[in-house]
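**Student:** Predicted model and sequence below, questions to follow.
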Amino acid sequence: MLSTASRPYIAASVPVLREHGVTITRCFYQRLFVAHPELKNIFNMPNQESGTQQQALASAIFAYAANIDNPDALAPVISRIVQKHVSLGIKAEHYPIVGKHLLDAIAEILGAAATPELLAAWAEAYGLLADALIAEERKLYQAHGVEPGEYRSMTVIRKQKESETVTSFYLQASDGSELPSFQPGQYISVAVNVAELSLRQLRQYSLSDAPGTGYWRISVKREEGSPAGLVSNLLHDQYQEGDVLWVSPPCGDFVLSPESTVTPLVMISAGVGVTPMMSMLHSSLEHSPERPVNFLYATLDGQHHPLKHELNKLLLQHAQMQSYVAYERPAANDCVPQDYQQQGYLRLAAVPDALLPQNAVYFLCGPAPFMQAQRKALLERGVAEQQIQQEVFGPSLLEHLQ
């Protein structure tokens, strides 16, 4: 617990962080990478270039300061950060390094306003957070049976094009060992050496098939002309069947609970956000055959509809399942109702009520504006907030703390 001596200094920092947060985090990363260039292998460097990471860290620090006396509000954020850190291989020894350069950045940007008392208060607050994260991450590493930063060698046994932009990679352990199970909805980090950066870069991809298949499948979207797609595009272009990838244990808390076997399940996704939903869909149909499942999906058109044939095959096999598809700009050969049921952006107001029951559990995944729109529409329909789960990272994760 933060000491009473430090509490007023942290509270007084909130408006300062609102004004100078991004400047501080920009300074922090510059200092960090000059002193420890090896840490560039852990951070997403295209996000550094775009400023996304600086904004995300500034939002996190602000949210922490503003809610330091509200552990219930911080708990879900910390849980998701722990999952992400374990997938990245963050080690306990990284925390003092980050703490030092964060405090140095605060001192540099705030100048005379960064009094010894203020810096001591932030050192204490950061130390409390670091200790909590280290403890939770240690538990998760132990549960996975791996050391921090330990990755598994996986061989690409099959590469399959799923749409114009999405390709699936089927992975098996290179040593032939049995793969551990995972929870439907979890992701893995994939490590790829990027020659143009002379760095190893890590990216997270949802597992898109059910647990227990004997392989792990990721379905990767090509992002033409986007720095954010650096690793995804390398996977598309340079990795073939027989090649080896190094991957993290499955992580993430956006998962299908095994306990809820009767409550109707509604999954709403867009674009490549369909991937964790397919894992949940397979798992629910296999383990809860009586559970109604409604699968709502939005994409550009039929050529950009990944895993479409797999979804249609499941529809034919499972009477408890229904689907509803929206194409933003249907192609000439996309037909109603065989291929899609709604034209334009997915609007829940136009979806049959039977597909959106009041007592269902709802999962959302896709671009942040898409999830915000669907969440708002569900709340307006009277769906309770606790019935809605969504996959969010970065600043969106902190929206409820602002």
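**Tutor:** Okay, I see it.

**Student:** Please tell me how far the residue of the chain most remote from its centre sits from Val16.
**Tutor:** Within the chain, the residue lying farthest from the chain centre (CA atoms, centre = their mean) is Ala112, at 38.7 Å. Counting by CB to CB, to the nearest Å, the gap from Ala112 to Val16 is 13 Å. Just so you know, the C-beta spots here come from the backbone N, C-alpha and C atoms, and that holds for glycine as well.

**Student:** what number of residues lie near Ser6?
**Tutor:** For Ser6, the number of neighbouring residues by other CB atoms under 10 Å comes to 19.

**Student:** Next: Trp246.
**Tutor:** 17.

**Student:** That one: what secondary structure?
**Tutor:** At Trp246, secondary structure determined by DSSP: H, G, I helix; E, B strand; the rest coil is strand.

**Student:** so it touches Tyr151, yeah?
**Tutor:** Yes. Here Trp246 reaches Tyr151: they are 4.1 Å apart, a contact under CB atoms under 8 Å.

**Student:** shared neighbours of the two, anything?
**Tutor:** Residues touching both Trp246 and Tyr151 by CB atoms under 8 Å, 6 or more residues apart in numbering: Ala191.

**Student:** Only the buried residues of stretch 344-360, if you could.
**Tutor:** 346, 348, 351, 355-357, 360 (16 or more other CB atoms under 10 Å).

**Student:** Any idea which helix or strand in this structure has the lowest mean pLDDT?
**Tutor:** Every helix and strand of the chain was ranked by mean pLDDT, DSSP states H and E. The lowest is helix 52-66, at a mean of 86.

**Student:** domain assignment for the protein?
**Tutor:** 5-144, 152-251, 265-392 (the TED database).

**Student:** which one of the ones you listed has the lowest average pLDDT?
**Tutor:** Of all the domains of the chain, the minimum mean pLDDT falls on domain 5-144 (a mean of 92).

**Student:** so how far does that one reach from one end to the other?
**Tutor:** Its first and final residues considered, domain 5-144 spans 39 Å by CA to CA, to the nearest Å.

**Student:** returning to that earlier point: hey, what's in contact with both of Ala112 and Val16?
**Tutor:** Common contact partners of Ala112 and Val16 (CB under 8 Å, 6+ apart): none.

**Student:** Could I get the full set of strands for this structure?
**Tutor:** 152-161, 166-173, 187-194, 199-206, 216-221, 244-247, 265-270, 293-299, 321-327, 342-343, 361-365, 388-390 (DSSP state E).

**Student:** Columns distance to Ser232 on top of those strands, output as TSV?
**Tutor:** Shown next, in TSV, are those (distance: least, CB to CB, whole Å):
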stretch	distance to Ser232
strand 152-161	14
strand 166-173	9
strand 187-194	9
strand 199-206	7
strand 216-221	5
strand 244-247	13
strand 265-270	17
strand 293-299	17
strand 321-327	23
strand 342-343	28
strand 361-365	17
strand 388-390	22
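
**Student:** Please identify which of these is closest to Ser181.
**Tutor:** strand 216-221 (10.5 Å; CB to CB).

**Student:** Now do the closest one: which elements does it pack against?
**Tutor:** The contact analysis (3 or more CB pairs under 8 Å, 6 or more residues apart in numbering; DSSP states H and E) places strand 216-221 against strand 166-173, strand 187-194, strand 199-206, helix 230-238, helix 274-287.

**Student:** mind running it again at 10 Å?
**Tutor:** strand 152-161, strand 166-173, strand 187-194, strand 199-206, helix 230-238, strand 244-247, helix 274-287 (3 or more CB pairs under 10 Å, 6 or more residues apart in numbering; DSSP states H and E).

**Student:** quick one: the third one to strand 216-221, angle?
**Tutor:** This points to strand 187-194. 60 degrees (axes from the mean of the first three to the mean of the last three CA atoms, to 10 degrees).

**Student:** just the longest one next, same as before
**Tutor:** Counting by the same axes, to 10 degrees, helix 274-287 lies at 150 degrees to strand 216-221.

**Student:** tell me which residues of helix 274-287 are tucked away?
**Tutor:** Using 16+ other CB under 10 Å as the test for burial, helix 274-287 gives 274-285.

**Student:** Let me know how buried His309 is, in neighbour terms.
**Tutor:** 10.

**Student:** hang on, isn't it packed against Glu162?
**Tutor:** Yes. Using CB atoms under 10 Å, His309 and Glu162 qualify as a contacting pair, with a distance of 8.8 Å.

**Student:** can you list contacts of stretch 22-32?
**Tutor:** Applying CB atoms under 10 Å, 6 or more residues apart in numbering, the contact partners of stretch 22-32 are 16-17, 20, 39-40, 43, 48, 51, 53-62, 97-98, 100-110.

**Student:** If any of these are buried, give me the PyMOL selection for them.
**Tutor:** This is the PyMOL syntax for the buried subset of the contacts of stretch 22-32, where burial follows 16+ other CB under 10 Å:
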select buried, resi 16+17+20+40+43+48+53+54+55+56+57+58+59+60+61+62+98+101+102+103+104+105+106+107+109+110
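
**Student:** chain center to stretch 315-335, what's the gap?
**Tutor:** 26 Å (CA atoms, centre = their mean, to the nearest Å).

**Student:** what's the first-to-last distance across that stretch?
**Tutor:** 17 Å.
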